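K.L.:
Got a predicted model here, sequence first, then my questions.
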Amino acid sequence: MPASGKSKNYSAQDIEVLEGLEPVRRRPAMYIGGSDEQAMHHLVAELLDNSMDEAVAGYANRIEFDLAADGTVTIRDNGRGIPIDRHPKFKDKSALEVVMTTLHSGGKFSNKVYDTSGGLHGVGLSVVNALSDRMTVEVARDKTLYVQEYSKGIPKSELKNEGPVRRRGTTVVFHADPEIFGPKSNFRPNTLYKMARSKAYLYKGVEIRWSCASDLIKEKDNTPAIDTLHFPNGLSDYLLTRLNGRATIISNPFSGESSLNGKGGRVEWALAWPEDVEGSLVSYCNTVRTQEGGTHVAGLKTALTKGLKTYAELAGNKRGGIITGDDVMGGTWGVLSVFVTDPEFQGQTKD
């Protein structure tokens, strides 16, 4: 028996075809993992990752990150700026509009523009656009400023030439749509600040300028209203912050970095073994947090175990042969970051 009120007929008229960014608004969880406050923060991560990709590629060294009192987020970099010329496949649209309104569009599917990147699927910017009730994109290229406005994924203006400008890069200003996330959902300053700080640790060559409306910072929240995040020592600085003065078995962290397979690939690590804390390893791939670990974490574990066994053998310690990966990593407090071409993440949320 069909459910009450449901038609018994099932025909071609019942088959829906969702076009443009409509699938994102209908099923946001498919793209950002949900429609709650936590998922809303993923919108910011998508934009920050784009700016970080420009920095890691060597085209930007500064990112500005602002959270306004009404929840509007602004992320500005001094990179190359999204292309604004006509797209060869969609001749009636600029490349900017194609990127903003078309899923699976972007410059990161091959290695022609970026050797490594956190953005892979060409959906990040368009998804943020679809889930924002208002968005403005500014592109400064060739000493000229271009601006276009959007709402819920739909252009609200043509791409406008705003005249000469003495800067370059991309600026995205957006407000998350309360229809999707609910009227009571808000960005948490502390979460966004930690996100920005972790990105600054991961790439020594970038400076992130953080600002937040003081009204949003609660009494017991130690998030600064203004801060400049730049860490010349990279992951070593990150590890020292995480350790927070704890005593460790070895006096100095075991840290280093190395190139990987050419083409911009590299690995960086910083490890310590605290006397009083269980192990905690934070890992990243192309500046994206890998919550569930991955082959890069397994590789680190294998390499450390092999190295210690080899050293024990050279030192004549016969018990070195019984060392296991859990012995090495069980009490490790550390940070691991890799940059690789064509990484494989689990879905758009890149877990």
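P.N.:
In hand now; what should we look at? Residues are numbered from 1 along each chain as shown.
K.L.:
Name whatever forms a beta bridge with the closest residue to residue 280 other than its chain neighbours.
P.N.:
Nearest non-adjacent residue to residue 280, counting by C-beta to C-beta, 6 or more residues apart in numbering: residue 333, 5.4 Å away. (Each C-beta comes from the backbone N, C-alpha and C, glycine too.) For residue 333, the beta-bridge partners are residue 272, residue 280 (DSSP bridges).
K.L.:
was I right about residue 333 contacting residue 282?
P.N.:
No - taking C-beta atoms under 8 Å as the definition, residue 333 is not a contact partner of residue 282, at 9.2 Å.
K.L.:
Can you get me a residue count around the residue lying closest to residue 176 once chain neighbours are set aside?
P.N.:
Once flanking residues are discounted, residue 176 sits nearest to residue 40: 5.2 Å by C-beta to C-beta, 6+ apart. Per other C-beta atoms under 10 Å, the neighbour tally for residue 40 reads 24.
K.L.:
what packs against the helix or strand hosting residue 40?
P.N.:
Here residue 40 is covered by helix 37-56, with elements defined by DSSP states H and E. Contacts defined by 3 or more C-beta pairs under 8 Å, 6 or more residues apart in numbering; DSSP states H and E place helix 37-56 against helix 29-32, strand 62-67, strand 73-77, helix 124-130, strand 169-176, helix 178-181, helix 189-202.
K.L.:
quick check, distance from that helix to the centre of its chain.
P.N.:
Distance of helix 37-56 from its chain centroid, counting by C-alpha atoms, centre = their mean, to the nearest Å, is 4 Å.
K.L.:
Equivalent analysis for stretch 46-60, please.
P.N.:
Remark: stretch 46-60 is offset 9 Å from the chain centroid, using C-alpha atoms, centre = their mean.
K.L.:
what comes up buried for it?
P.N.:
Buried residues in stretch 46-60, counted by 16 or more other C-beta atoms under 10 Å: 46-57, 59-60.
K.L.:
Extract the C-alpha set from that stretch and format it as CSV.
P.N.:
Extracted C-alpha coordinates of stretch 46-60, given in CSV (Å, rounded to 0.1, in the frame of the first residue of the first chain):
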residue,chain,number,x,y,z
GLU,A,46,37.0,26.4,2.2
LEU,A,47,37.8,30.1,1.6
LEU,A,48,40.9,30.1,3.8
ASP,A,49,42.2,27.0,2.0
ASN,A,50,41.9,28.8,-1.3
SER,A,51,44.0,31.7,0.0
MET,A,52,46.5,29.3,1.6
ASP,A,53,46.9,27.5,-1.8
GLU,A,54,48.0,30.8,-3.3
ALA,A,55,50.5,31.3,-0.5
VAL,A,56,51.9,27.8,-0.7
ALA,A,57,52.3,28.2,-4.5
GLY,A,58,54.4,31.3,-3.8
TYR,A,59,52.0,33.9,-5.1
ALA,A,60,50.7,35.4,-1.8
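K.L.:
about what we covered before: the residue nearest to residue 280: what's it in contact with?
P.N.:
239, 242-243, 246, 248, 271-274, 277, 279-281 (C-beta atoms under 8 Å, 6 or more residues apart in numbering).
K.L.:
try 7 Å this time
P.N.:
Applying C-beta atoms under 7 Å, 6 or more residues apart in numbering to residue 333 gives the contacts 242, 243, 272, 274, 277, 279, 280.
K.L.:
Would you mind putting the residues you listed into a markdown table with neighbour count and distance to residue 326 alongside?
P.N.:
Formatted as a markdown table, these follow (neighbours: other C-beta atoms under 10 Å; distance: C-beta to C-beta, whole Å):
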| residue | neighbour count | distance to residue 326 |
| --- | --- | --- |
| 242 | 19 | 21 |
| 243 | 17 | 21 |
| 272 | 24 | 17 |
| 274 | 18 | 17 |
| 277 | 17 | 16 |
| 279 | 15 | 9 |
| 280 | 12 | 14 |
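K.L.:
would JSON lines of these with pLDDT and distance to residue 310 be doable?
P.N.:
JSON lines is the format used below for the contacts of residue 333 (pLDDT from 0 to 100; distance: C-beta to C-beta, whole Å):
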{"residue": "242", "pLDDT": "86", "distance to residue 310": "28"}
{"residue": "243", "pLDDT": "88", "distance to residue 310": "27"}
{"residue": "272", "pLDDT": "93", "distance to residue 310": "21"}
{"residue": "274", "pLDDT": "91", "distance to residue 310": "25"}
{"residue": "277", "pLDDT": "72", "distance to residue 310": "27"}
{"residue": "279", "pLDDT": "80", "distance to residue 310": "22"}
{"residue": "280", "pLDDT": "86", "distance to residue 310": "26"}
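K.L.:
Specify which member of the residues you listed is nearest to residue 316.
P.N.:
Nearest to residue 316 out of the contacts of residue 333 is residue 272 (C-beta to C-beta; 26.9 Å).
K.L.:
May I have the residues that are in contact with the closest one?
P.N.:
239, 243, 248, 253, 333, 334.
K.L.:
mind checking how far the residue nearest to residue 188 when sequence neighbours are not counted is from residue 50?
P.N.:
Computed as C-beta to C-beta, 6+ apart, the closest residue to residue 188 that is not its neighbour in sequence is residue 41, at 7.3 Å. According to C-beta to C-beta, to the nearest Å, residue 41 and residue 50 sit 16 Å apart.
K.L.:
Sweet, I'm off.
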